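S.K.: Below are the sequence and a predicted model for it; my questions follow.
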Amino acid sequence: MATGIATSPKEYSCWIINESTAGTSALHASNMYQLDVDSVGFPSLNVNQALDVKSGLGRTFKDEDFFQDNKIRVVELSLSGTLHNDAGHLILLRNIANDYSGDVDIATGIQPPTIKYGASNTTAGDTFTVVIKGVDPTVGAGVNLDDSKNYVFSGCVCTNFAISADMGTEGGRYKFSATIQTGYVPNLNEVSPRNAIGANPYANTTDTTLASTSGHLVYNLSCIMNSFTCTIDYPAVFVGATSNGYDVVNRGSECAVTVDTQIKLDDVTKGLPHSFDTQTAYNTTDSFKVVNSANYGVEIENMVLTNVAMSEGDIMMLDCSLKSVDDGSESLATFDVA
């Protein structure tokens, strides 16, 4: 029977934990970490359906025309929110960078780990579980307080991760966005009590702002920075087939690191449009640097300019875009988190 009870999207929460075995969900009451997301959106399930009318059966869609498969498909989640320097948010960055200790380096010649669903991960964190923690729709109705559904996505990898800050948004507080994919069949009917998932919420004491940074360089020029976005894009490739979805997870042909930043046009930076127009090779020193010790500082040595344009506002700014270059020795990017 329909009821008048309603829930708010803000009552749902998102939790994450590393997996020791790829595709084996790691629901845990004390070890999962909450992600500080702006909102919890439902993922793209991407089920395979056949909805065409078959020949010889008339001109209408019938039951025998229908087919659906929920095994061989890629489920995708998109998340965005406030970035925190804690174990939970670092799971995403460490996963896409394939670096699990100390500062996060995207190594020269980066190679993906071997991931086979059902097999032990080389490193806990090669895959992870994401849970959209449900809301008990009977709260306030005097019925079972654990009558909620949790959506569990195991065998996940991060395929795109961006760190950003903008002085015009929340005082330059660091934000993140992430794309997460899994080739493993999700559990959309998990009924573990709400208190069986979580225990490590994010804390506002672990966030950071652009104002807390102590230096900014673009193309080895000290500058006044208004905003930046550093993006890592490393697509996943799923192959093989099992009764629970795909068999093996690998990565695409390129791990790309790019930066978009807005800086003040002045006597120091005025030569950047000319540098962009006439460049014949990549810059080799401090191509992009935001100094923020142990709190998501970003350092990229080798980059090419992919665009420089004047940006009109109250004062003239420069919009600069850059792409990291692998020189065979330096990391594509280093994130100061330790």
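M.R.: Great, that's in hand. Numbering: from 1, shown residues only.
S.K.: Paired strands for the helix or strand containing residue 160, with orientation please.
M.R.: Here residue 160, judged by DSSP states H and E, is contained in strand 150-166. Paired strands of strand 150-166, with direction, are strand 128-133 (antiparallel), strand 175-182 (antiparallel), strand 187-190 (antiparallel), strand 225-233 (antiparallel) (DSSP bridges).
S.K.: Tell me where the stretch 1-150 of the chain is predicted with low confidence.
M.R.: In the prediction, the stretch 1-150 of the chain carries residues with pLDDT under 70 at positions 1-3, 136-147.
S.K.: As a check, name the ranges of all strands in it.
M.R.: Here the stretch 1-150 of the chain has its strands, by DSSP state E, counting those that start in this stretch, at 13-18, 32-35, 48-50, 67-69, 75-82, 104-106, 115-116, 128-133, 150-166.
S.K.: want to throw the ones you listed into CSV with mean neighbour count and distance to residue 273?
M.R.: C-betas here are computed from N, CA, C, even on glycine. Shown next, in CSV, are those (neighbours: other Cβ atoms under 10 Å; distance: least, Cβ to Cβ, whole Å):
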stretch, mean neighbour count, distance to residue 273
strand 13-18, 22, 42
strand 32-35, 23, 39
strand 48-50, 10, 49
strand 67-69, 10, 52
strand 75-82, 19, 32
strand 104-106, 21, 28
strand 115-116, 20, 44
strand 128-133, 25, 42
strand 150-166, 23, 22
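S.K.: Residue 24: which of the ones you listed is closest?
M.R.: strand 150-166 (6.4 Å; Cβ to Cβ).
S.K.: Tell me the confidence at the residue nearest to residue 252 when sequence neighbours are not counted?
M.R.: Of all residues not flanking residue 252 in the chain, residue 235 sits nearest, at 3.5 Å (Cβ to Cβ, 6 or more residues apart in numbering). Here, the pLDDT recorded for residue 235 equals 98.
S.K.: Residue 235: neighbour count?
M.R.: Neighbour count of residue 235, defined by other Cβ atoms under 10 Å: 16.
S.K.: Isn't it up against residue 159?
M.R.: Yes. Taking contacts as Cβ atoms under 8 Å, residue 235 lies within contact range of residue 159: 5.4 Å.
S.K.: which residues touch residue 332?
M.R.: Applying Cβ atoms under 8 Å, 6 or more residues apart in numbering, we find residue 332 in contact with 106, 107, 108, 110, 255, 257, 300, 324, 326.
S.K.: ok, 10 Å please
M.R.: Contact analysis of residue 332 by Cβ atoms under 10 Å, 6 or more residues apart in numbering lists 97, 105-110, 232, 255-257, 300-303, 323-326.
S.K.: what's the answer for residue 48, then?
M.R.: Counting by Cβ under 10 Å, 6+ apart, residue 48 has contacts 67, 68, 69, 70, 71, 72, 73.
S.K.: Try it again at 7 Å.
M.R.: Neighbour list for residue 48: 68, 69, 72, 73 [criterion: Cβ atoms under 7 Å, 6 or more residues apart in numbering].
S.K.: Touching, residue 233 and residue 252? I think so.
M.R.: No. The pair residue 233 / residue 252 is not scored as a contact, 8.8 Å apart, by Cβ atoms under 7 Å.
S.K.: higher neighbour count, these two?
M.R.: It is residue 233, of residue 233 and residue 252, that has more neighbours when counted by other Cβ under 10 Å, with 16 against 13.
S.K.: got a list of what the more buried one touches?
M.R.: Shown in contact with residue 233 (Cβ under 7 Å, 6+ apart): 160, 256.
S.K.: re the thing from before, got the strands paired with strand 150-166 as CSV, with distance to residue 81 columns?
M.R.: Below are the strands paired with strand 150-166 laid out as CSV (distance: least, Cβ to Cβ, whole Å):
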stretch, distance to residue 81
strand 128-133, 13
strand 175-182, 6
strand 187-190, 22
strand 225-233, 15
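S.K.: quick one: which of these is nearest residue 283?
M.R.: Checking those against residue 283 by Cβ to Cβ gives strand 225-233 as the closest, at 16.0 Å.
S.K.: burial count for residue 23?
M.R.: Using other Cβ under 10 Å, residue 23 has 26 neighbouring residues.
S.K.: What distance do you get for it to residue 158?
M.R.: 16 Å (Cβ to Cβ, to the nearest Å).
S.K.: Same question for residue 51.
M.R.: Distance, residue 51 to residue 158, using Cβ to Cβ: 32 Å.
S.K.: rewinding a little: among the strands of the stretch 1-150 of the chain, which is nearest residue 200?
M.R.: Closest to residue 200 of the strands of the stretch 1-150 of the chain, according to Cβ to Cβ: strand 32-35, at 4.6 Å.
S.K.: How about residues contacting the closest one?
M.R.: Contacts to strand 32-35, defined as Cβ under 7 Å, 6+ apart, come from residues 13-17, 79, 81, 86-89, 131, 197-202.
S.K.: strands paired with that strand, and their directions?
M.R.: strand 13-18 (antiparallel), strand 199-200 (parallel).
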